[in-house]
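Participant: fold the following.
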Amino acid sequence: MNSKVLRSDDHASHERFLSEYDSIITSTVAWSKWRFDPHTQEDLAQKIRLEALSTELAKKPTKEIERCVRRLAISRCIDEVRRRFQHHKRVVYVEPQHYFLEDHTDSTHTDDVDPIKEILALEQQKALRDVLQSLGEPCAATLEDGYLKNLKYKEIAEKHGVNMNTVASRMSRCMDRLKK
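Facilitator: Okay, the predicted model is just below:
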């Protein structure tokens, strides 16, 4: 497929491209954990098809096209989930966990991965990192290491070149500042 660049007037190349990669788009959009109704699935799939055709995906090596199409589809599904949450102004508490969407992009979708929880967890982590950065150093680095990276006091002390007592008092003092 990558030997021919997709041109806007070349419908045959568009058809070939979609015949090869449309199943990735439709299966990703139909993933039950997105919780999209059939009408939304088709609308979203069509938007992804148009975006895939308008980008320069066909110029990439054939092995990369499938991965790029999958990432594009997942990204647009995440955007739709975010849009729906913002539209409905729902606030959902999710236990802090470490989810990394990149780790799941090439695997088969399974029931143990919930994209909505992943999105919320990533957004909570971003919000927490923003608040931590507003505290400045050394609080930001110490709290991030302790709570986001789950490092032990000994590991934090070694990383920052301080003793464990300093880490303990810094964590306490920084948590007080964070609460304010």
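
Participant: what is the least confident helix or strand in this structure?
Facilitator: Of all helical and strand segments in the chain, the minimum by mean pLDDT, DSSP states H and E falls on helix 115-135, at a mean of 77.

Participant: which SSE is immediately downstream of it?
Facilitator: Using DSSP states H and E, the helix or strand that follows helix 115-135 towards the C-terminus is helix 139-143.

Participant: ok, and what's touching the helix or strand following that following helix?
Facilitator: The element immediately downstream of helix 139-143 (helix or strand, assigned by DSSP H and E) is helix 153-160. Residues outside helix 153-160 that contact it (C-beta atoms under 8 Å, 6 or more residues apart in numbering): 138, 141-142, 145-146, 151, 163-164, 166-168, 171. Any C-beta I mention is one placed from the backbone N, CA and C, and that applies to glycine too.

Participant: centre of the chain versus the helix of greatest length in the chain, how much separation?
Facilitator: With residue count as the measure and DSSP state H as the assignment, the chain has helix 62-88 as its longest helix. When C-alpha coordinates are averaged (C-alpha atoms, centre = their mean, to the nearest Å), helix 62-88 and its chain have centres 9 Å apart.

Participant: now, of the contacts of helix 153-160, which are buried?
Facilitator: When those are checked for burial by 16 or more other C-beta atoms under 10 Å, the buried set is 141-142, 145-146, 151, 166-167, 171.

Participant: ok, which pair from those residues is furthest apart?
Facilitator: Greatest spatial distance among these (C-beta to C-beta): 151 and 166, at 14.5 Å.

Participant: count of neighbours near the residue lying closest to residue 139 once chain neighbours are set aside?
Facilitator: In space, residue 139 comes closest to residue 174 once its chain neighbours are excluded; the distance is 3.7 Å by C-beta to C-beta, 6 or more residues apart in numbering. A total of 20 residues lie near residue 174 under the criterion other C-beta atoms under 10 Å.

Participant: residue 143 is in contact with residue 174, correct?
Facilitator: Yes: using C-beta atoms under 8 Å, residue 174 and residue 143 qualify as a contacting pair, with a distance of 5.3 Å.

Participant: list residues touching both of those two?
Facilitator: residue 135.

Participant: thinking again about what came up before, give me the helices and strands touching the longest helix of the chain, please.
Facilitator: Taking 3 or more C-beta pairs under 8 Å, 6 or more residues apart in numbering; DSSP states H and E as contact, the helices and strands that helix 62-88 lies on are helix 11-29, helix 38-54, helix 115-135.

Participant: any chance of those helices in CSV, plus mean neighbour count?
Facilitator: Below are the helices and strands packed on helix 62-88 laid out as CSV (neighbours: other C-beta atoms under 10 Å):
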stretch, mean neighbour count
helix 11-29, 16
helix 38-54, 16
helix 115-135, 15
